[in-house]
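S.K.: below is the structure, and that's it, no one-letter string:
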């Protein structure tokens, strides 16, 4: 999460409120307001003049308490409820309170505690919780109420003591016991860190003796069992440059306490932030304000009802961002459409130019030619009809191919005659069903004219004198006054169903009734293997009906042929 380019900061120390503005890495100081009615009203007017921007409030107060407790290791909703009850018990009078989990007790400490406590189980490791609160809520509420009165968003409330927890790692001190001492506008703040975690913080007067206050703080840590005797305490003094020589002379390192003096200029460099604005005292205030502005941290203390305008500001900012995103997407899409429209316009112009070019060439090529009897549209339609007839017109070629293959596998079957028939679809009412049947010949060849020949004959009969002479010769097999064939029989709009009536006979060298029947059935099964061909036995080789008398005689002579009839149906 990146910080915004501009940010308004409020620094509360010693009762007064200092305003700062951070813009693109540069920190600028604003007016200072006193904690009286006039100062509070002036602060409200100032926020209105600035356009009610979100404000981050940094508090550096003496009335900040820290309490370290041990709680049973409970997770989930029960743990949160337990923590809330303990906070309520310790800090009942203030809404600005928080609790931070700092790990669990070591195994050795928990074992000794369980041995002395009959209630606790053996080896129980409790959670270490640091509770802190701003015990004087009035010092903050008078300023937060002013922000609420003018509907200025309060982004959060941060504590200088809690914000100092980021300084020791940045300054390069990761020892087990570190006492950080900083000089700020409110005085000298001492913050004790154990294993990198804040345990205690206090604010002393700025004129106090640093060595004496450090010794007093060490005694307090020993009494609170935060520091054991013999532990080395590293005191890191982040001091202004002008006080470096004085502190170096007064603070002498000993066997249990060692002092590290860090000039503020070096601290700014190690933290990676620029120095404070010119004309202001170089204190740790500006360093903490820079860290708060550059690193988007969660609010240390809850704002309660005072944060409702900040939540509204976040919603408004989210809506503005969504609207800008939608507008940007719309602009990109519009640009894409305009580009596609321009390309399409260029392509259309190119096609129009090609159309004019080919039209001119066509007209120049057609100018020397004599005018045709039929219009171009009719010729185009005729070509389309010819292609449609070539694809859709019925033909017995497929059925004849299957029949030829079956005859090759059954040499005892002799073909007598064929009759091909095209069946009109049901929509025609069957008025023309049965047209196109062929005549029988002695050698089994079909001589009948197809439906296409009949259609051509009808067309030629209406074509004029030349067409009448051609039809009269009888070459197509249709009389001159033949009626036109319906389009359904020609395969328009769909292919019609066809049937082929096959008359054949079984010829065997000796009399064998069973062999005759088996030969006919094998021939029919061979034809029925194709999925689009339906085979119906119209007349079998033997009539086995109950009312027909079976007759015959045994003879050594060759038996007569046994005729039968099959009807082959072809589904389009």
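M.R.: Received the coordinates, thanks. Keep in mind that this is a model prediction, so the values were computed, not measured. Residues are numbered from 1 along each chain as shown.
S.K.: low pLDDT regions in this protein?
M.R.: 1-5, 107-124, 278-281, 372, 426-482, 544-545, 548-558 (pLDDT under 70).
S.K.: quick one, longest helix in it?
M.R.: Criterion DSSP state H: the longest helix present in the chain is helix 308-366.
S.K.: what helices or strands is it leaning on?
M.R.: On a contact count with 3 or more CB pairs under 8 Å, 6 or more residues apart in numbering; DSSP states H and E, helix 308-366 meets strand 154-159. To be clear about C-beta, it is placed using only N, CA and C from the backbone, and glycine gets the same treatment.
S.K.: which other helices and strands contact the strand it packs on?
M.R.: strand 55-60, strand 127-134, helix 138-149, helix 308-366.
S.K.: what's the closest of those to residue 483?
M.R.: Nearest of the helices and strands packed on strand 154-159 to residue 483, taken as CB to CB: helix 308-366 at 38.0 Å.
S.K.: beyond the closest one, next helix or strand please.
M.R.: helix 376-392 (DSSP states H and E).
S.K.: quick one, that following helix and helix 308-366 angle?
M.R.: 100 degrees (axes from the mean of the first three to the mean of the last three CA atoms, to 10 degrees).
S.K.: am I right that residue 10 is in contact with residue 58?
M.R.: Yes. Contact criterion CB atoms under 8 Å: residue 10 and residue 58 qualify, at 7.0 Å.
S.K.: give me the distance between the residue nearest to residue 94 when sequence neighbours are not counted and residue 569.
M.R.: Leaving aside its sequence neighbours, residue 94 sits nearest to residue 137 (CB to CB, 6 or more residues apart in numbering; 4.5 Å). Distance, residue 137 to residue 569, by CB to CB, to the nearest Å: 100 Å.
S.K.: can you check residue 202 too?
M.R.: For residue 202, the distance to residue 569 - CB to CB - is 108 Å.
S.K.: more crowded one of these two?
M.R.: Taking neighbours as other CB atoms under 10 Å, residue 202 and residue 569 compare with residue 202 leading, 19 against 16.
S.K.: ok, now which ones touch that one?
M.R.: 189, 190, 217 (CB atoms under 8 Å, 6 or more residues apart in numbering).
S.K.: do residue 170 as well
M.R.: Residue 170 is in contact with 270, 271, 272, counting by CB under 8 Å, 6+ apart.
S.K.: make a markdown table from those and add neighbour count to it.
M.R.: Formatted as a markdown table, the contacts of residue 170 follow (neighbours: other CB atoms under 10 Å):
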| residue | neighbour count |
| --- | --- |
| 270 | 13 |
| 271 | 16 |
| 272 | 10 |
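S.K.: from those residues, which land in helices?
M.R.: 270, 271.
S.K.: from the contacts of residue 170, pick the one nearest residue 47.
M.R.: residue 271 (29.2 Å).
S.K.: the closest one contacts residue 164, correct?
M.R.: No. Using CB under 8 Å as the test, residue 271 is too far from residue 164 to be in contact (11.6 Å).
S.K.: what touches both of these two?
M.R.: Joint contacts of residue 271 and residue 164 (CB under 8 Å, 6+ apart) do not exist.
S.K.: just the helices in the stretch 451-572 of the chain please.
M.R.: 451-461, 465-472, 513-528 (DSSP state H, counting those that start in this stretch).
S.K.: hey, where'd the strands end up in the stretch 451-572 of the chain?
M.R.: 497-506, 533-539, 562-570 (DSSP state E, counting those that start in this stretch).
S.K.: mind putting those strands into a markdown table with distance to residue 79?
M.R.: Converted to a markdown table, the strands of the stretch 451-572 of the chain look like this (distance: least, CB to CB, whole Å):
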| stretch | distance to residue 79 |
| --- | --- |
| strand 497-506 | 83 |
| strand 533-539 | 81 |
| strand 562-570 | 84 |
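S.K.: so which of those strands is nearest residue 340?
M.R.: Nearest of those (CB to CB): strand 497-506, 50.3 Å.
S.K.: adjacent strands (with direction) for that closest one?
M.R.: Sheet pairing of strand 497-506 (DSSP bridges) gives strand 413-423 (antiparallel), strand 562-570 (antiparallel).
S.K.: for those strands, which one sits closest to residue 133?
M.R.: strand 562-570 (97.1 Å).
S.K.: wait, what's in contact with residue 348?
M.R.: For residue 348, the contact set (CB under 8 Å, 6+ apart) is empty.
S.K.: just give me the neighbour total for residue 191.
M.R.: Neighbours around residue 191, by other CB under 10 Å: 26.
S.K.: which helices and strands does the helix or strand hosting it pack with?
M.R.: Using DSSP H and E, the secondary-structure element containing residue 191 is strand 187-194. With contacts taken as 3+ CB pairs under 8 Å, 6+ apart, strand 187-194 sits against helix 160-163, strand 177-184, strand 197-204, helix 210-223.
S.K.: grab the nearest non-local neighbour of residue 66.
M.R.: residue 132 (4.8 Å).
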